[in-house]
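J.: coords please:
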Amino acid sequence: MSNSKKKATGYDKFVNWKLLIIPVILFLVILMLPTSQGMKQVGMQFSVGPKVVTNYISEQLFNKGSADIEQWQVLTAQMMEQNMRMGALSKTRFMARDEKWVKKYKIPVASSNLDKARNYIEKNVPEDRFLEIMKGAYNLRVKGLEYSDLSKKDKKTADKGAWNIKVAIAMVVFVVFCFMTECMPLPGVAFCIGLILVFTGVISRSQVAGLYWDDAVWFIMGSLMFAAAFVKTGVDKRVCMLMFKKLAVPNVRWITLIFFVVISPLAAFISDHALAAMFLPIGMLLYQNSLTDEIPEDKELAKMLMITIAMACNIGGPGAPSGGARNVIMMTYLTDMFGMDIGYAQWMMYCMPFVIVMIPITWVASNMLFKPRITSLAPAMRHLENEINKMGKWNRSQIWAMVIFVVMVFGWFTEKAFYNIGIYPVRLGIGVIAVAGAVAYLLAGVVNWRDYQEKVDWGVVWLYAGAIIFGRTLDQTGAAYWLAQSCIDMLAPFGMSKGLPLMLTSNGLTAVLTNLMADGPAAAAVGPITLNMASIVHPGTTFLPFMAMATAVASSFAYCLIIGTPPNAIVYASGYLEPKDYLRVGIPMWFIANILIILITAVYWSGIGFGNLPAF
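T.: Numbering: from 1, shown residues only. Coordinates of the predicted model:
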């Protein structure tokens, strides 16, 4: 029965050339089209811009080009250039930068040089002069770079940057079409992404392998491994009974409601990746034990349970700053660019209502869109109870499975904080912890490698590896920035350049991009553009923090594609879902979520205001 379900994923299908030829032709046509002026401009900004701006800042500060100054002076110019790209133009923001911040943006640094840079700026560059230089650098990068003024070498670099953007846009068309139609096995699409980037010269053959093994990929691999350990030991059955045994009527509607009520608020504080991996075995268990001789298969029930887990994870992230990198990114942008701070509790006061309202809406939508033949899961609960009674007390393997799992969850929850306060000498990352847990299961004798080989959907691991490199390409080439800038420029003449229409444009664009790339890069691509526009049309008002929070919330609307978010990929590993199932519930919820955040902004946020800032 399990194998028959997995055929729906497309793993057992062959390439459908009648469909695949369409994205192949579209890909080639886009590459052959003339490069637009917008692509050339953004290509220059991303490829030549950092060098030109760093040289400009060097001349303004030290009356010499960046090639003729000392290391600490180069560091000063590079730090200012990075601040300028983030929209943090004030001297105060520069003086707040420390060595950890510099290393984060891969700027070569020595402590002594950093001290010299900060001392020089503090003593020799007045606030107004610093701001003048930064504004000049910003104007140079955005408006002042002219292709005709570049050297022959820089022209070649700019052409390469524009080509990279064109390849990334063509790749978006190819990948999205393949994912929506399954015209070829999806892990094959993931490999095509790397091949396309190498064959077109966007990345080198030595880079491509490393890009496939991001920390998020390690996390998905490790989490699917520990899910296999849970299933083998029967811990999933015990956890399932603890959650649902108090239900008087274990109807599928009430069980899915419990999923939403439990998972969504937790996703604001615990990694949504972890929650999806935790609840996936429970959802599969409920389905498998609900089937009867009369109804040996109920695809709608399986899809409903799996989608519920993914959606519950996705809608919970905006509730607190710890719910995702997107939240912290927008908080940082707001502070760096405008000196406005949003506290942890303050963020929850504004954004948790979105989660609370989305829970019943998404629950109702899931129950309306999926019509399972089996509605009562009482037989499943009775079967589980009998199975657990046969198990008796917790055995050694189950105890080890839970102990290792608890340690992993503790590590996921604390690793960043412990690194920041110096308890951990190195940043571990949730992926390393997940794989360490999977190895710990081997060492404890809970599983052997055959269990992992047979029970882990390795295709999903490679699928999300491809998604990571896909999103990173959109971000680093400037393709995401070009898409964002082009859409906003296009909509500006229609009155969409200020107030709630601007926010709706920003949210919609962010919500589209986040289905193609990770939520953090999506927010990072759109955030500086829309926050700068917000500061122009509504300077010093509540619109600025509202725009920051709305952009972060919108970057969680990755409801439509498998590659949009790790929970989508993790539940896809169940083998019960097809790509179109995500669209089935994702598209209506995508529109509802966009409308809801605008309504919350217009009514709730505007009603309570933001500190002492004037309304917009």
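J.: can you measure across stretch 132-149, start residue to end residue?
T.: Using Cα to Cα, to the nearest Å, the span of stretch 132-149 from its first residue to its last is 23 Å.
J.: got the contact list for that stretch?
T.: For stretch 132-149, contacts defined as Cβ atoms under 8 Å, 6 or more residues apart in numbering pick out 40-41, 44-45, 48-49, 52-53, 56-57, 60-61, 80-81, 83-85, 89-90, 125, 155, 158. In short, each C-beta sits where N, CA and C put it, glycine included.
J.: one more time with 7 Å
T.: Applying Cβ atoms under 7 Å, 6 or more residues apart in numbering, the set of residues contacting stretch 132-149 from outside is 40, 44-45, 48-49, 52-53, 56-57, 60, 80-81, 84, 89, 155, 158.
J.: need the max-distance pair from those residues.
T.: The span of the contacts of stretch 132-149, defined through Cβ to Cβ, is set by 89 and 155 at 28.9 Å.
J.: which residues in the stretch 301-450 of the chain form helices?
T.: Assigned by DSSP state H, counting those that start in this stretch, the helices in the stretch 301-450 of the chain fall at 325-338, 344-369, 378-391, 396-420, 430-443, 449-455.
J.: quick one: closest of the ones you listed to residue 285.
T.: Closest of the helices of the stretch 301-450 of the chain to residue 285 is helix 378-391, at 7.3 Å (criterion: Cβ to Cβ).
J.: report all helices and strands that that closest one contacts.
T.: Helices and strands touching helix 378-391, by 3 or more Cβ pairs under 7 Å, 6 or more residues apart in numbering; DSSP states H and E, are helix 235-244.
J.: let's see that with 10 Å instead.
T.: helix 235-244, helix 252-266, helix 272-288 (3 or more Cβ pairs under 10 Å, 6 or more residues apart in numbering; DSSP states H and E).
J.: for the closest residue to residue 76 other than its chain neighbours, give its distance to residue 94.
T.: Using Cβ to Cβ, 6 or more residues apart in numbering and skipping the chain neighbours, the partner closest in space to residue 76 is residue 117 (4.0 Å). Taking Cβ to Cβ, to the nearest Å as the measure, residue 117 falls 9 Å from residue 94.
J.: mutual contacts of the two, please.
T.: Shared contacts of residue 117 and residue 94 (Cβ atoms under 10 Å, 6 or more residues apart in numbering): 76, 79-80.
J.: so which of those residues is the closest to residue 494?
T.: If you rank the shared contacts of residue 117 and residue 94 by distance to residue 494 using Cβ to Cβ, residue 80 comes first, at 36.3 Å.
J.: give me the neighbour count for the closest one.
T.: Counted by other Cβ atoms under 10 Å, the residues lying close to residue 80 total 29.
J.: quickly find the element holding it.
T.: helix 71-86 (DSSP states H and E).
J.: ok, residues contacting the helix or strand following that helix?
T.: Helices and strands here follow DSSP H and E; after helix 71-86, the next one along the chain is helix 91-95. Applying Cβ under 10 Å, 6+ apart, the contact partners of helix 91-95 are 76, 79-80, 82-83, 86-88, 117-118, 121-122, 125-131, 133-134, 335-339.
J.: tell me the helices in the stretch 51-200 of the chain, going along the chain?
T.: Using DSSP H, counting those that start in this stretch, the helices of the stretch 51-200 of the chain run over 71-86, 91-95, 99-104, 111-124, 127-139, 152-181, 186-199.
J.: number of residues surrounding the spatially closest residue to residue 418 that is not a sequence neighbour?
T.: Nearest residue to residue 418, sequence neighbours excluded (Cβ to Cβ, 6+ apart): residue 424, at 4.8 Å. The criterion is other Cβ under 10 Å. On that basis, residue 424 has 15 neighbouring residues.
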